[in-house]
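S.K.: have a look at this fold, sequence not included:
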């Protein structure tokens, strides 16, 4: 069974390598729509999609996908937002949820004008816990409590919107964490749009071949 899987992986890698060589051998000018070009683009998109579901950087996969998809405006528009994200990758929702506590404590303390000692962080954590059961009415606690519940549900966009209501020191304390959240949102949006385009374009090679 393991040997069969390894053989399949080797064949897939070989096909992708051949596809990339063919793509790079084509002239840089705009290419007419052909079954081969369409299949290369689909192969490139399928190559990239698994990387978007991981937190690791993906510059190489993105570069290969760009080569395979060529200068088709639809592919170019979808891949462009990923250029700035690929070198660092984007944390997964569960990683964002796991790192939220420390950033949230810092925001609570910043709103109160407190320092960042171990005891003060413990106090901020206790305040956040109390807010989940109806205690505390500060703007930061309200927004953070709402965002934390939304993160637990995987609702990244709604969580980001809840935190966008913060201002001043509390907002600054959460700024870096929100950048990571927005990176994941951008990657997820690109992945969804890419998968949708793949689905819509999958019939193109057959349609072109039937002309």
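M.R.: That came in fine, so what should we check first? The structure displayed is predicted, hence computed values, not measured ones.

S.K.: in the chain, which helix is the longest?
M.R.: Secondary structure of the chain per DSSP state H: the longest helix is helix 168-201.

S.K.: which parts of that helix are buried?
M.R.: 169-171, 173-174, 177-178, 180-181, 183-185, 187-188, 190-191, 194, 197, 201 (16 or more other Cβ atoms under 10 Å). In short, each C-beta sits where N, CA and C put it, glycine included.

S.K.: same thing with stretch 42-51?
M.R.: Neighbour-count burial for stretch 42-51 [16+ other Cβ under 10 Å]: 42-49, 51.

S.K.: next SSE after the helix or strand bottoming out on mean pLDDT in the chain?
M.R.: Least confident helix or strand, the chain: helix 2-25 with a mean of 43, by mean pLDDT, DSSP states H and E. Per DSSP states H and E, the first helix or strand lying C-terminal to helix 2-25 is helix 35-52.

S.K.: what average pLDDT does that next one get?
M.R.: Averaged across helix 35-52, pLDDT comes to 86.

S.K.: which strands and helices sit next to it?
M.R.: For helix 35-52, the contact count by 3 or more Cβ pairs under 8 Å, 6 or more residues apart in numbering; DSSP states H and E identifies helix 2-25, helix 59-69, helix 73-79, helix 168-201, helix 204-209 as packing neighbours.

S.K.: ok, of those, where does mean pLDDT dip lowest?
M.R.: helix 2-25 (a mean of 43).

S.K.: for the strand or helix carrying residue 96, buried residues please.
M.R.: In this structure, residue 96 sits in helix 93-112 according to DSSP H and E. Buried residues in helix 93-112, counted by 16+ other Cβ under 10 Å: 93, 96-97, 100, 103-112.

S.K.: what inclination does it have with respect to helix 168-201?
M.R.: Counting by axes from the mean of the first three to the mean of the last three Cα atoms, to 10 degrees, helix 93-112 lies at 160 degrees to helix 168-201.

S.K.: and helix 93-112, what does it pack against?
M.R.: Helix 93-112 packs on helix 118-132, helix 139-152, helix 168-201, going by 3+ Cβ pairs under 8 Å, 6+ apart.

S.K.: could you pull up the mean pLDDT of the helix or strand following the second one?
M.R.: The C-terminal neighbour of helix 139-152 among helices and strands, as given by DSSP H and E, is helix 156-163. Rounded to a whole number, the mean pLDDT of helix 156-163 is 95.

S.K.: start at 474, not 1
M.R.: Okay, using 474 as the starting number, the last item reads as helix 629-636.

S.K.: how's this structure carved up into domains?
M.R.: What the record gives for the chain is the domain set 475-563+676-682, 566-660, from automatic domain parsing.

S.K.: measure the last one end to end?
M.R.: Spelled out, it's domain 566-660. Using Cα to Cα, to the nearest Å, one end of domain 566-660 lies 11 Å from the other.

S.K.: kindly report the same for stretch 523-536.
M.R.: 15 Å.

S.K.: flag every buried residue along it.
M.R.: 524-525, 528, 531, 534-535.
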